[in-house]
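Undergrad: Any chance you can model this:
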Amino acid sequence: MKIAVVGTGYVGLVNGTCFAETGNDVICVDIDSAKIEKMKKGIVPIYEPGLDVLFERNIKNGRLSFTTNLYDAVRVSDILFLSLPTPQDGDGSADLKYVIAVAEDLGRLFKSEPNIGFKIIIDKSTVPVGTADKIRTKIKSFTTEFDFDIASNPEFLREGMAVEDFMKPERVVIGTSNPKTKEILNQLYEPFVRSGNPIYFMDERSAEMTKYAANSFLAAKISFMNEIANLCELTGAEVDKVRIGIGSDSRIGKRFLFPGVGYGGSCFPKDVIALVNTANENNYDFKILKSVISVNKNQIELFFKKISNHYNGNLSGKHFAIWGLAFKPNTDDVREAPSIALIKNLLENGVKVSAFDPEASETAKAILGNTISYAENSYKALEGANALIIVTEWNEFRNPDFVKIKSMLKEPVIFDGRNLYDIEKMKSNNFIYYSVGRAPVK
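TA: Sure thing, here's the model as predicted:
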């Protein structure tokens, strides 16, 4: 099939590359000409494990190409995926300006060239309920004669696992009321579900709601576990044992039960707020999600308080090493990352920060600039530091040289926001150790 993917962020680039991998001809469209030129040269603009191999192979085989010209891409494509940003607006709603702008461009093209054939326009972006209708209405405001359809096909990709998630999806959700569109999209996705995983067809509004409901439920699960961890600290219970105990219940499941400093990234924070905004617009008080937002914000503040309390509220002049800047491992994404909020709080209190992340130093520098120093490896970050703070659970942080850590720090103090280390090991190595939902080692 001939596919155009409009927008080359995480979602768009993974989608386009993986569709090309199954034999489709894919054109990726972006208004950023510098980015397009880099991709034409085979440079992947994001860090996503496994993407580079597929990217290079499909460029070489002529199935994956790039352009800044939307009209040229649309003319030669049958299916158009809109993978555009939907950032949080000032009122908490999803800002649809990029989606609507492309809908307007399509409307103008369809009006001027009515004979370029039937087009399926698919919303891949995370958008509020009713967006498919808005796109359809906007295009029809230019022309009512052109033959096209609008569908919703939300993505469920985990950053750091996006290629695997796309190539072997647990499920595919497609919102369409058009039998022709259903048949075409079923053929498009058939190679990805050969092992028997389902394709769920539903109406457009239900598909749009499914994406928000999924992300908000997972965010709620994280916040619930963080609340349990906080209560464990007050009662003397051990959160790791509680997590294992409840995770073994098949109704609950083991995933998303690890306590920490809160969720971040490009999806959960804005999607939860956007769903609350949708509820408000419909005069519904979504109490659970409002609490989820509050708990997540409070989690990083509680972690900062642990650090501050250890130093009796006087952090000025201290130097801390931070391991982990990305909001999660296996990505360079720092959007809404807990590390950023924590570092800003530390800086405001007169702290010097040296940080290391295997992939996210450059993206963090775009936000933090030179307010902190960026180490070339994890141990370099420790030089001259009073304590180590762990914010992201990269695998390379899980089994470090504790003797070396202790020799490099001014004091044997670790604040672990991801519970990477065993309590008994910290005791045997004579560390002062703070984690989440577990008694401190002093």
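Undergrad: List the buried residues for the helix or strand bottoming out on mean pLDDT in the chain?
TA: Within the chain, no helix or strand scores below helix 268-281, which has a mean of 93 by mean pLDDT, DSSP states H and E. When burial is assessed from 16 or more other Cβ atoms under 10 Å, helix 268-281 yields the following buried residues: 268, 269, 270, 271, 272, 273, 274, 275, 276, 277, 278. Heads up, the C-betas are built off the backbone N, CA and C, glycines and all.
Undergrad: ok, so what distance separates the second one from residue 160?
TA: Here residue 269 is placed at a distance of 17 Å from residue 160 (Cβ to Cβ, to the nearest Å).
Undergrad: Repeat that for the first one.
TA: Note on residue 268: its distance to residue 160, by Cβ to Cβ, is 14 Å.
Undergrad: what about stretch 121-139, distance to the chain center?
TA: On the basis of Cα atoms, centre = their mean, to the nearest Å, stretch 121-139 sits 21 Å off its chain's mean C-alpha point.
Undergrad: Chain neighbours aside, what residue packs nearest to residue 209?
TA: Leaving out its chain neighbours, the residue that sits closest to residue 209 by Cβ to Cβ, 6 or more residues apart in numbering is residue 129, at 5.2 Å.
Undergrad: coming back round to it: ok, then the element right after the least confident helix or strand of the chain?
TA: helix 287-310 (DSSP states H and E).
Undergrad: on that earlier part again, elements contacting the least confident helix or strand of the chain?
TA: In terms of contacts (3 or more Cβ pairs under 8 Å, 6 or more residues apart in numbering; DSSP states H and E), helix 268-281 is packed against helix 204-235, helix 287-310.
Undergrad: Mean neighbour count, those: which tops it?
TA: Scoring the helices and strands packed on helix 268-281 by mean neighbour count under mean count of other Cβ atoms under 10 Å gives helix 204-235 as the most buried, with a mean of 19.
Undergrad: chain center to it, what's the gap?
TA: Centroid separation for helix 204-235 versus its chain: 15 Å, with Cα atoms, centre = their mean.
Undergrad: Please read off the pLDDT at residue 296 from the model.
TA: Looking at residue 296, its pLDDT stands at 95.
Undergrad: With residue 94 instead?
TA: Note for residue 94: predicted pLDDT of 86.
Undergrad: ok, now the one 4 residues further on?
TA: The score at residue 98 is 95. That number is its pLDDT.
Undergrad: mind checking how far the residue nearest to residue 209 is from residue 323?
TA: Counting by Cβ to Cβ, the gap from residue 129 to residue 323 is 40 Å.
Undergrad: Kindly report the same for residue 214.
TA: Where residue 323 is concerned, residue 214 sits at a distance of 30 Å (Cβ to Cβ).
Undergrad: so residue 81 is in which element?
TA: strand 79-82.
Undergrad: Rounded mean pLDDT for that strand, please.
TA: Mean pLDDT, strand 79-82: 98.
Undergrad: Could you dump the buried residues of helix 268-281 into CSV and include distance to residue 6?
TA: Compiled in CSV, those are given as follows (distance: Cβ to Cβ, whole Å):
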residue, distance to residue 6
268, 24
269, 24
270, 20
271, 21
272, 26
273, 25
274, 21
275, 24
276, 28
277, 25
278, 24
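Undergrad: And residue 6, its phi and psi?
TA: phi -100, psi 110 (degrees, to the nearest 10).
Undergrad: Was I right to think it contacts residue 102?
TA: Yes. With contact defined as Cβ atoms under 8 Å, residue 6 counts as touching residue 102 (5.8 Å).
Undergrad: more neighbours, those two?
TA: Counted by other Cβ atoms under 10 Å, residue 6 and residue 102 do not tie: residue 6 has more neighbours, with 28 against 22.
Undergrad: what is the more buried one paired to in the beta sheet?
TA: Beta-bridge pairing of residue 6 under DSSP bridges involves residue 29, residue 82.
Undergrad: who touches it in this structure?
TA: 12, 29, 30, 70, 73, 80, 81, 82, 83, 84, 102 (Cβ atoms under 8 Å, 6 or more residues apart in numbering).
Undergrad: at 7 Å what do you get?
TA: Taking Cβ atoms under 7 Å, 6 or more residues apart in numbering, we find residue 6 in contact with 29, 70, 80, 81, 82, 83, 84, 102.
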